[in-house]
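>>> need a 3D model of the sequence below.
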Amino acid sequence: MRHLTLKFDKNDLSELVECAKRALEREEQYLAECIKSNRWDFGPTGGLMCNPNEHYFQFLIWRELMKSFRFRPITEHHKRSDLAFRDKSNNGLVAVAEIKGWWADEKKDQAEVRAIRRDINKMQFETPSSVKMVMLVLTTYIKEDRKDWFTDLARRLKIPREEIEVRTFDNTEEGDDERWEFAIGGFFVPPA
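Reported below is the predicted structural model:
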C-alpha cells in the first residue's frame, strides 16, 4: 500500500518555532545555572550568546524536535540545509530549513542580512518545488529598546511581516541592569 506524503503547513511552522523556543529557553536556563554556580561573568548576553554558533543552535533544536514533531527531523541534509523533515510513513522529504543568527550588531548587521538572503536564494535554487522551505532567524535584544526586529527584517527581505511566526523568552543574566530577550522568527520561503 502506497502512502501519500503529508504536507508541511502553517501549523507545522508554528510548532517548529515553538519547539525551537522550548529548546533554546531550556538551554538558556541550564547555562544560567552554570554561570551562577561557577561565578563566571559573561557580561549582559551570557547564556546562549556565550556560543553564538548556528550548529550549536541547530543541534539543540533538532534534539527537541526528535521528541514530538510530527515529521522526522534530519540535520545537515545532503550538506544543503541545516534541517530537513521527512514524512514518518514513507520517508518523503516535506520541508527543509535554514537557521541564521541575526544579532543586529550595527557592525555586522548588513553582513548578517546578506547571509540570510544568501540562504534564502540557495534554498530557492536547490529545493524541489514540492518541498516547503523554512527560514528560522534567531536574535537577541534589550527589551526596553524593543522594536519589532522582525518588521525591520521583513521589510529588508521584502516579505510580509504577518507571515513571520515569532516566539520570545527572557534571557537576562542575573545582576544585569538591562532586560534582554531572545527571539525566534520562522517563515516560509517563497519559491523563486
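>>> what sits opposite the residue nearest to the spatial centre of the chain in the beta ladder?
In the chain, the residue lying closest to the centroid (C-alpha atoms, centre = their mean) is residue 136, at 3.4 Å. When bridges are called by DSSP bridges, residue 136 pairs up with residue 99, residue 186.
>>> if I look at it, how far off is residue 166?
Distance of residue 136 to residue 166, given as C-beta to C-beta, to the nearest Å: 11 Å. Every residue, glycine included, has its C-beta placed from N, CA and C.
>>> if we can go back for a sec, in contact with the residue nearest to the centre of the chain, which residues?
Residues counted as contacts of residue 136 (C-beta atoms under 8 Å, 6 or more residues apart in numbering) are 16-17, 20, 61, 97-100, 184-186.
>>> which of these has the largest number of neighbours?
Highest neighbour count within these, by other C-beta atoms under 10 Å: residue 61, with 29 neighbours.
>>> how about it, what does it touch?
By C-beta under 8 Å, 6+ apart, the contact set of residue 61 is 19-20, 23-24, 83, 99, 136.
>>> would you turn those into CSV with secondary structure and pLDDT?
As requested, these are exported to CSV (DSSP: H, G, I helix; E, B strand; the rest coil; pLDDT from 0 to 100):
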residue, secondary structure, pLDDT
19, helix, 97
20, helix, 97
23, helix, 97
24, helix, 96
83, strand, 95
99, strand, 95
136, strand, 97
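>>> from those, which is closest to residue 35?
Using C-beta to C-beta, residue 24 comes nearest to residue 35 of these, at 15.9 Å.
>>> for the closest one, grab the count of nearby residues.
Residue 24: 24 surrounding residues under other C-beta under 10 Å.
>>> from residue 67, how far out is it?
Counting by C-beta to C-beta - residue 24 and residue 67 are separated by 15 Å.
>>> ok, residue 102 next?
The gap separating residue 102 from residue 67 is 27 Å, by C-beta to C-beta.
>>> what do you get for residue 95?
Going from residue 95 to residue 67 by C-beta to C-beta gives 18 Å.
>>> more neighbours: which of the two?
A direct count of neighbours by other C-beta under 10 Å for residue 95 and residue 67 places residue 95 higher, at 24 against 9.
>>> the more buried one contacts residue 10, doesn't it?
No - under the criterion of C-beta atoms under 8 Å, residue 95 makes no contact with residue 10, lying 12.0 Å away.
>>> mind listing the strands for the chain?
Secondary structure of the chain (DSSP state E): strands located at 71-77, 81-87, 93-101, 132-142, 165-170, 180-188.
>>> out of these, flag the one nearest residue 32.
Closest among these, using C-beta to C-beta: strand 165-170, at 10.3 Å.
>>> okay, buried residues for that closest one please.
165-169 (16 or more other C-beta atoms under 10 Å).
>>> mind putting those into a markdown table with distance to residue 39?
Supplementary listing: the buried residues of strand 165-170 in a markdown table, determined by distance: C-beta to C-beta, whole Å:
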| residue | distance to residue 39 |
| --- | --- |
| 165 | 38 |
| 166 | 34 |
| 167 | 31 |
| 168 | 28 |
| 169 | 24 |
